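1. got a sequence here, can you model it:
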Amino acid sequence: MRRYGGLIGGLMTGFLVVGCSALPGLNRNAAQAPSTPPPSATAPSVLSGQEATAIMKDYIERNNLANKARSDKLLAAYEGGSSLAIDKAGYASSRKLRKTIKHEPFGYTSPTFYPGTGGERPWLLTLAHWQRKKDISKEATYLLFTREGDDGWRQVYSPDTFDGTSPKELPAIAKDASGAATEVGQDDTGLIMSPADFARNYAAHLAGKGGKAAGTRFATDLLAKNAASKRLEMNKFARVSEVTRATRYPSYAVRTADGGALAFTTFQRDRRYDVRQRTPRFYVFQQNSGLLPGKYYTNMKTTELVQVVAHIPAKDAKPGQVKVLGSYSGLIAGSGR
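-> So this is what the prediction gives:
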């Protein structure tokens, strides 16, 4: 992801970059959103390729307009859920910084669409590569859209797969005879871990509180690995306490061809940094953040939303480990003194 921000700890006489609690910015490599005109009452339950393409096109156009204006109103027309919360906070931070940002339009290339079955909550999963001019991301981005009644389509999840992840490594999505993907229940018992249990267990693992069991439940992933590394690095400058938990934002899961599931969920990470008192004095601050604009010599508190996408294998799969494939995150609140 291309976005602003980095957690900093240092001395009055200098600073050391020791973290990267990413903040959303207008340059994120998968700026998102959808909202095509509502389908008619006679629309089929499974989206056609033409309809899916129209949703994607509309999403890109609206996103570019909102990013250029840094408009919450335009943003809310095509985003929902934790995506909207993260990117609204990003806009607020950018406005407070009062920086002039040159907007450069973006797009996506090589999208693959996985429409869900219709009903009360139709959805569309897309896998695509972010593009700006000749710059095309090697890693893919998942974009999950949902529609609530006639209110239009909203992008609700947009995790980028981790650096170095080839699209060939991603699990294939199962489709039925109509070409539709199938949603998996949050309490599905045919998996090594239900999507609901994944949300609870990974929250502890991400905060470094999963214990030895986490080593067998979860394959190594960059999000948890980097979180552990940043806690260790920041410990030189401040005592770090962290609480990570699942949120009220809706979670989704889609059946994969191997009988497992691709799960999307959102975590809230609340962290407090109590600066170690010494001479010369330590401080911490959030780089390029309008939400946390100062240097803090006593303590700093941050609240971040983290979207993740993970592959949960079927119960009889070998090896039986959940693998987090990507994430999208942003600071939504903070304070310090």
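2. now do stretch 270-279: everything it contacts.
-> For stretch 270-279, the surrounding residues in contact (CB atoms under 8 Å, 6 or more residues apart in numbering) are 9, 21, 234, 236-244, 282-284, 296-304. In short, each C-beta sits where N, CA and C put it, glycine included.
3. distance from the chain centre to that stretch, please.
-> The chain centre lies 27 Å from the centre of stretch 270-279; the measure is CA atoms, centre = their mean, to the nearest Å.
4. which SSE is Tyr283 in?
-> In the assignment (DSSP states H and E), Tyr283 maps to strand 282-287.
5. which other helices and strands contact that strand?
-> Contacting strand 282-287 under the criterion 3 or more CB pairs under 8 Å, 6 or more residues apart in numbering; DSSP states H and E are the following elements: strand 6-11, strand 261-275, strand 299-312, strand 323-336.
6. mean pLDDT and mean neighbour count added to these, as CSV?
-> CSV is the format used below for those (pLDDT from 0 to 100; neighbours: other CB atoms under 10 Å):
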stretch, mean pLDDT, mean neighbour count
strand 6-11, 44, 20
strand 261-275, 97, 23
strand 299-312, 97, 23
strand 323-336, 96, 22
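7. closest one to Phe106 among these?
-> strand 323-336 (14.9 Å; CB to CB).
8. which other helices and strands contact that closest one?
-> Other elements packing on strand 323-336 under the criterion 3+ CB pairs under 8 Å, 6+ apart are helix 81-97, strand 160-161, helix 222-234, strand 282-287, strand 299-312.
9. wait, which of those is closest to Lys57?
-> With CB to CB, the closest approach to Lys57 among these belongs to helix 81-97: 18.2 Å.
10. contacting residues around the helix or strand just after that closest one?
-> Sequence-wise, the next helix or strand downstream of helix 81-97 (DSSP H and E) is strand 107-115. By CB under 8 Å, 6+ apart, the surrounding residues in contact with strand 107-115 are 46-47, 49, 52-53, 56, 60, 122-132, 136, 141, 143, 173, 175, 179-181, 254.
11. so of those residues, which ones are in helices?
-> Of the contacts of strand 107-115, the ones assigned to helices by DSSP state H are Gly49, Ala52, Thr53, Met56, Ile60.
12. what is the burial count for the residue lying closest to the second one once chain neighbours are set aside?
-> Computed as CB to CB, 6 or more residues apart in numbering, the closest residue to Ala52 that is not its neighbour in sequence is Phe113, at 4.0 Å. Summarising burial for Phe113: neighbours were counted as other CB atoms under 10 Å, giving 22.
13. per-residue pLDDT of Phe113, please?
-> What the model reports as pLDDT for Phe113 is 96.
14. now do Glu148
-> For Glu148, the model assigns a pLDDT of 75.
15. that one contacts Trp123, correct?
-> No - applying CB atoms under 8 Å as the test, Glu148 and Trp123 come out as separate, 10.4 Å apart.
16. neighbour count: these two, which is higher?
-> Between Glu148 and Trp123, counted using other CB under 10 Å, the more crowded position is Trp123 (22 against 12).
17. so what's the residue lying closest to that one once chain neighbours are set aside up against?
-> The shortest distance from Trp123 to any non-neighbouring residue, by CB to CB, 6+ apart, is to Gly116 (4.1 Å). Contacts for Gly116 (CB under 8 Å, 6+ apart) come out as Val46, Pro122, Trp123, Leu124, Leu125, Ala180, Ala181, Thr182, Glu183, Val254.
18. what is Gly116 paired to in the beta sheet?
-> Beta-bridge partners for Gly116, by DSSP bridges, are Ala181.
19. next, the nearest residue to Lys88 once chain neighbours are set aside: phi, psi?
-> Computed as CB to CB, 6+ apart, the closest residue to Lys88 that is not its neighbour in sequence is Asp72, at 5.4 Å. The phi/psi pair for Asp72 (degrees, to the nearest 10) reads phi -60, psi -40.
20. near Asp72, how many other residues are there?
-> Count around Asp72 with other CB under 10 Å applied: 15.
21. next: Thr244.
-> Counted by other CB under 10 Å, the residues lying close to Thr244 total 20.
22. ok, the nearest residue to it once chain neighbours are set aside - contacts?
-> Nearest residue to Thr244 in three dimensions, chain neighbours excluded: Ala207, at 4.0 Å (CB to CB, 6+ apart). Contacts for Ala207 (CB under 8 Å, 6+ apart) come out as Ala227, Glu242, Val243, Thr244, Arg269.
23. dump the residue contacts of the nearest residue to the first one once chain neighbours are set aside.
-> If you skip the residues right next to it in sequence, Ala227 has Leu206 as its closest partner in space, 5.8 Å away by CB to CB, 6+ apart. For Leu206, the residues meeting the contact criterion (CB under 8 Å, 6+ apart) are Leu223, Ala224, Ala227, Thr244, Phe267, Arg269, Val306.
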